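Asks: sharing a model that was predicted from the sequence below.
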Amino acid sequence: MYDLTVIIPTFKEEANIAAIIREVDTVFSRNAINGEILVVDDNSPDRTIPIVRDIQQTKSNVSLVVRKNDPGLSQSVVEGFHTAQSDIFLVIDADLSHPPAHIPEMLAEIRAGSDIVIGSRYMQGGGIQKWPLKRRVISLGATFLGRLLFPEIHDPVSGFFAVKKGVVEDAPLKPRGYKILLEVLGKGHWKTAKEIPFEFVDRAVGSSKLGLKTIVDYAAQVTDNARYSWNHHDSAVWQEWKKLFKFGMVGLSGIVVNEGLLIYLKEFVHLVLPVASIIAIELSIISNFILNDLWTFRADREEHALGHRWQRFISFQVVSVGGAAINFAILNVLATWAGVDYRIANILGILVAFIWNFLVNRRVTWQRK
Ligand code: GDD
Ligand code: MN
């Protein structure tokens, strides 16, 4: 048994495979990790397989699976899960895009209790080097879709991640396309995910096989994971969407509070409109906060990073003002400059502000430790 299995999916990586194996192995020895390197290759027609076989002559911890059916990056990773001879798996690209130097840190986080550790490009300290604009745009689109399912995770489509065996062991994964992490998050058995930032370096040699089919597959995969969560209420996706739903209900209640108070203050207290409106808005923000704190995010109450209710309130207040500004800006820009009917422009503004409010409050106000 090994401490860790580093799974490297490969297709036509003759230019990179020796270097990535060498680098991973160096990290193992420098950090006293008893690690296995498992190359899962889709029967590459180039020299990838003979090169790995050659390395195996001198390195007993290098394993190779050559697949003949159903080729695909995700399928290969899942086959790696089932072949690995350890209880912790770490997936890394062969093309040196994912720095092996992060492996010890990721392993340490798993050992410290995280079920999943994600090497994340889209968080403070992470990034992408040498990607053309087109790749960046596609990737941001994919990440946005993925975040609809997992609002808490910055980079749900990273190809660099570690998981405990138990997360994926009997998960009903349907591997296809490139985004195996999304599948693991959607159907795996996990509670805690930790992200560590890293700098993605685009391959120097060889080419990416990501094409239109990859994008179509991905859209199908997102849909499938959404459908899965509908039938599995313990899934992470369902838990998130339940929060979004509650947040929406609270938002609607806020509209009622706001409108009711406005009418009351104007008609019965005889306040002038701007004053009545400010009070109505502020009180609806307060009532929204209380309901969200006591209901929407109740399940996380032991784990709030902002430990005091007033800290969460201040955060919520600031985010709400930002949301109002977004609503205001969209309404005025669309109605004044784009000629959109102001009622429709306002609905759009409200929707964007709502999404903003949810995502930012989820990530800041009610962030978990
Ligand atoms: N076995 C197998 N079969 N491996 C494959 C296949 C396949 O059909 N296609 C690609 N691979 C291997 C490559 O050899 C490489 O080791 C790794 O999978 C990533 O392939 P690339 O083609 O270099 O992917 P990329 O750089 O475009 O995408 C990477 O970044 C994405 C994030 O934007 C990957 O890490 C993706 O998983 C990740 O989502
Ligand atoms: Mn690559």
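Replies: On my side now, so go ahead. Ligands and ions are numbered 1, 2, ... in the order given.
Asks: which residues sit against stretch 145-159?
Replies: Contacts to stretch 145-159, defined as C-beta atoms under 8 Å, 6 or more residues apart in numbering, come from residues 73, 91-93, 97-98, 118-123, 126, 139, 142-143, 178-182, 185-186, 193, 195, 218-219, 222, 225-226, 229, 236-237, 240, 244, 358-359, 362-363, 368. From N, CA and C alone the C-beta is placed, and that goes for glycine too.
Asks: separate out the buried members of these.
Replies: Burial by neighbour count, judged by 16 or more other C-beta atoms under 10 Å, picks out 73, 91-93, 97-98, 118-122, 126, 139, 142-143, 178-182, 185-186, 193, 195, 218, 222, 225, 229, 236-237, 240, 244, 358, 362 from these.
Asks: tell me, which of those residues make contact with ligand 1?
Replies: With C-beta under 6 Å from any ligand atom as the criterion, the buried ones among the contacts of stretch 145-159 include 73, 93, 97, 139, 178-179 near ligand 1.
Asks: nearest to Arg67 among those?
Replies: Distance to Arg67 across those (C-beta to C-beta) is lowest for Leu73, with 11.1 Å.
Asks: residue contacts, the closest one?
Replies: Residues in contact with Leu73 (C-beta under 8 Å, 6+ apart) are 9, 11, 159, 177-178, 180.
Asks: please repeat the previous calculation with a cut-off of 6 Å.
Replies: 9, 178 (C-beta atoms under 6 Å, 6 or more residues apart in numbering).
Asks: so what's it scoring on pLDDT?
Replies: Leu73 is assigned 94 on the pLDDT scale.
Asks: mind listing the strands the strand or helix carrying Glu36 pairs with, and their directions?
Replies: Using DSSP states H and E, Glu36 maps to strand 35-41. Strand pairing for strand 35-41, determined by DSSP bridges: strand 4-10 (parallel), strand 62-66 (parallel).
Asks: distance to ligand 2 and mean pLDDT added to those, as TSV?
Replies: Output for the strands paired with strand 35-41, formatted as TSV (distance: least, C-beta to the ion, whole Å; pLDDT from 0 to 100):
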stretch	distance to ligand 2	mean pLDDT
strand 4-10	11	98
strand 62-66	20	98
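Asks: show me where the protein has its strands.
Replies: Along the chain, counting by DSSP state E, strands occupy 4-10, 35-41, 62-66, 88-91, 116-120, 127-129, 161-164, 193-197, 199-201.
Asks: distance to Gly251 added to the ones you listed, as a markdown table?
Replies: Output for the strands of the chain, formatted as a markdown table (distance: least, C-beta to C-beta, whole Å):
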| stretch | distance to Gly251 |
| --- | --- |
| strand 4-10 | 43 |
| strand 35-41 | 46 |
| strand 62-66 | 50 |
| strand 88-91 | 38 |
| strand 116-120 | 29 |
| strand 127-129 | 34 |
| strand 161-164 | 33 |
| strand 193-197 | 27 |
| strand 199-201 | 36 |
